[in-house]
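# Okay, sequence plus prediction incoming.
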Amino acid sequence: MERSGAQQREPEPALRQGSLLLYEWTLRHGTLRDPGRAAAELGLAERELSIALEDLSRLGLLQRLGDGDGDSDGDVWTAVDPTVAEVTARAPLEREIRERQRELSHLHTRLRPLAALFAEHSRSGRRAERLRQVDSVAEVRRELSAMTRLCMEEMVSIQPGGGRSPNTLHGIVAESVAMLERGVRVRTLYQHTARASLTTQTYVRAVSAAGARIRTTAEVFDRVIIFDRETAFVPQPRIEGRPQGASIVTDPTVVGFLYRMFETLWRSGRPFDLEEMNGGRLTEQSGTAQDRLASDDLKLAILRLMAAGLKDDVIARRLGMAPRTLRRHLRDITDELDAESRFQAGYRAWRLGLPLEDGAGDGGL
């Protein structure tokens, strides 16, 4: 919002080469009595000299004095310490900043009390619908942005698959940090395969520093985002040739079920954020230990799904990894168990007493 009558300031350009040369010449000679002589010695054209004098005087680096020797040759310029020039130039800018800050404070005081009223009516309207289908991807993003701003207490989410799109993560960093700064709790659950994504690591580092808590687990169900235990976003089934929309659910029974599912998975997760690793102090050793535990969880999940008779492409999809990545893990597992086949690896894992029965259904779901 622009103040009435205020003009927008253009950023000051960097000092031109001619201006720097003239300032240095004045410093060497003590004063600038004959600009024409200085220009000739510096190889400056008349226009370059005029621009240099204007630059330096505007910034307060050259100050015009009266002719102290009684000469009538014209004005005398003297060089000014840049620190003094900066202090002089800053004074009006700082006054303007203080005025703008007062205006922002008054604006906040006038409008902030209405935010809770708006949020309550918006949330009540959304809750009344119970279930709403949103088919447009752009509309889903707008709805998510709106709920991010309306969220008052907690946002939890499950993000299956490996690393997420750089564009997606870049776009939600600011919204996530804004929520955290106003006291909203943020918890996100990824799959272990996301640990290998540099983009996801960068995002996790940024939001963890602001207070978010991030964990990873071997298997998750589908993507879900829950705001304040009241509103859940669930993706619609994928249909070839159509963008994937979302269902916005506010039915308390359904949202409560989804939240309990999240809590069950969260308890089984491995920390992937700064706050939880080593008591809030991230070290190379603690990070390596967590990665090793995540890798062990992933191997056990692969063995469980193999024991259930699932095909490789189904296992890869369930664990959020590419089929070739799964094949690499299978080679590692067979090598580690000194097995010559998948069947033999499963048998040796069973003989070792590894927990190959899936307990994901426990926990009150």
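Yep, it's here. Note that this is a predicted model, so its numbers are computed, not measured. Numbers count the residues shown, from 1 in each chain.
# Mind checking what helix or strand follows the helix or strand bottoming out on mean pLDDT in the chain in sequence?
Ranked by mean pLDDT, DSSP states H and E, the weakest helix or strand in the chain is helix 284-307, scoring a mean of 60. Using DSSP states H and E, the helix or strand that follows helix 284-307 towards the C-terminus is helix 312-318.
# Now do the buried residues in whichever helix or strand comes after that following helix.
Per DSSP H and E, the first helix or strand lying C-terminal to helix 312-318 is helix 323-336. Neighbour-count burial for helix 323-336, counted by 16 or more other Cβ atoms under 10 Å, picks out 326, 329-330, 333-334. In this view, the C-beta of every residue, glycine as well, is placed from N, C-alpha and C.
# Thought Gln63 was touching Asp75, still the case?
No - the pair Asp75 / Gln63 is not scored as a contact, 10.2 Å apart, by Cβ atoms under 8 Å.
# Could you check which of those two is surrounded by more residues?
Gln63 (15 against 11; other Cβ atoms under 10 Å).
# mean confidence score for stretch 35-52?
In this model, stretch 35-52 has an average pLDDT of 87.
# so how far is the first residue of that stretch from its last?
10 Å (Cα to Cα, to the nearest Å).
# pLDDT at Val220, what is it?
67.
# Determine the three-state secondary structure at Gly183.
Three-state assignment for Gly183 (DSSP: H, G, I helix; E, B strand; the rest coil): coil.
# roughly how far apart are it and Met155?
Per Cβ to Cβ, to the nearest Å, Gly183 is found 12 Å from Met155.
# if you count what's nearby, which of these two comes out ahead?
Legend: neighbour count by other Cβ under 10 Å for Gly183 and Met155, higher for Met155 (23 against 9).
# Can you give me the neighbour number for Thr31?
By other Cβ under 10 Å, 14 other residues sit near Thr31.
# bridging residues for it?
Assessed by DSSP bridges, Thr31 has beta-bridge partners Thr78.
# pretty sure it is in contact with Thr78, am I right?
Yes - the pair Thr31 and Thr78 passes the contact test of Cβ under 8 Å, sitting 5.3 Å apart.
# All set now, cheers.
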